[in-house]
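Engineer: only geometry, no sequence info:
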């Protein structure tokens, strides 16, 4: 299951319902306050509060009571819920949250005109992918990048460990089996249908097929109240097939 979380400015003096920030723990609140550029704090608060609401509904807990632990390279996991796997990614005004029964990684990237994708591809990507970036430009680079990062995040590794993963494929989903490098895999990876200007992918550890159900999260406040219990999810959006 992959949730789309819009991060654009909404109600409240900071562009989001104030009650959302009350759901964050001390570490998350401190990280949110580091966002000095316009919109950074808003996007962080909405993304992480929405993740707490969605995960909390999934496991039957209040969102502000969830406690997260971190792996060696910083990937969060839900304490006391070993069978629940999730991953969060955000770029620009869009966040994605993936929930799965096995280790999962998700990545979304907003295409950036200031990023020299060809330089990065020449340094890190396999030869086949370098040719794809040379012919396809920024769009091709971003598509390959999100596939690699989804695999890395599913494993809980460092991004630099996965830049050489062979993720080039034409049909939107593939089993990735690295022939060299520190990551062993395999992963099953599929592209996600996102708004124009964004690329996204989700990867699960292992070769077993999985079904991607796409959902939309939207905060709603009833009767003029801003309590966290009034934040809800909606399920607009199509579901893709089995991959």
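Structural biologist: Yep, that arrived. Quantities reported herein were computed from a predicted structural model and do not represent experimental measurements.
Engineer: can you name every helix or strand that the longest helix along the chain contacts?
Structural biologist: Longest helix in the chain by number of residues (criterion: DSSP state H): helix 127-155. If you count contacts as 3 or more C-beta pairs under 8 Å, 6 or more residues apart in numbering; DSSP states H and E, helix 127-155 packs onto strand 85-91, strand 104-110, helix 117-124, strand 187-192, strand 198-205. Backbone N, C-alpha and C define where each C-beta goes, glycine included.
Engineer: grab the nearest non-local neighbour of residue 42.
Structural biologist: Excluding the flanking residues, the one nearest residue 42 by C-beta to C-beta, 6 or more residues apart in numbering is residue 15, at 4.3 Å.
Engineer: hang on, I meant residue 139
Structural biologist: Residue 139 sits nearest to residue 111 (C-beta to C-beta, 6+ apart), 6.7 Å away.
Engineer: neighbours around that neighbour, how many?
Structural biologist: 18 (other C-beta atoms under 10 Å).
Engineer: and the residue nearest the centre of the protein?
Structural biologist: residue 89 (2.7 Å; C-alpha atoms, centre = their mean).
Engineer: bridging residues for it?
Structural biologist: Using DSSP bridges, the bridge partners assigned to residue 89 are residue 96.
Engineer: need the contact list for it.
Structural biologist: Counting by C-beta atoms under 8 Å, 6 or more residues apart in numbering, residue 89 touches 95-96, 106-108, 149, 153, 200.
Engineer: residue 165: which of those is nearest?
Structural biologist: Distance to residue 165 across the contacts of residue 89 (C-beta to C-beta) is lowest for residue 149, with 9.7 Å.
Engineer: got the confidence number for that closest one?
Structural biologist: Residue 149 carries a pLDDT score of 96 in this model.
Engineer: distance of residue 191 from residue 174?
Structural biologist: 9 Å (C-beta to C-beta, to the nearest Å).
Engineer: kindly report the same for residue 44.
Structural biologist: 32 Å.
Engineer: now residue 157
Structural biologist: Distance from residue 157 to residue 174, by C-beta to C-beta: 19 Å.
Engineer: and if you look at residue 167?
Structural biologist: 7 Å.
Engineer: ok, now residue 126?
Structural biologist: Taking C-beta to C-beta, one finds residue 126 at 14 Å from residue 174.
Engineer: repeat for residue 121
Structural biologist: Counting by C-beta to C-beta, the gap from residue 121 to residue 174 is 18 Å.
Engineer: before we move on, what about residue 136?
Structural biologist: Taken as C-beta to C-beta, the span from residue 136 to residue 174 is 17 Å.
Engineer: residues touching residue 91, list them.
Structural biologist: Neighbour list for residue 91: 108-110, 198 [criterion: C-beta under 8 Å, 6+ apart].
Engineer: which sections of this structure are below the confidence cut-off?
Structural biologist: For the chain, the stretches with pLDDT under 70 are 11-13, 172, 220-243.
Engineer: so what's residue 77 closest to, chain neighbours aside?
Structural biologist: residue 69 (5.5 Å).
Engineer: my read: that neighbour touches residue 80, true?
Structural biologist: No - using C-beta atoms under 8 Å, residue 69 is not in contact with residue 80, being 9.3 Å away.
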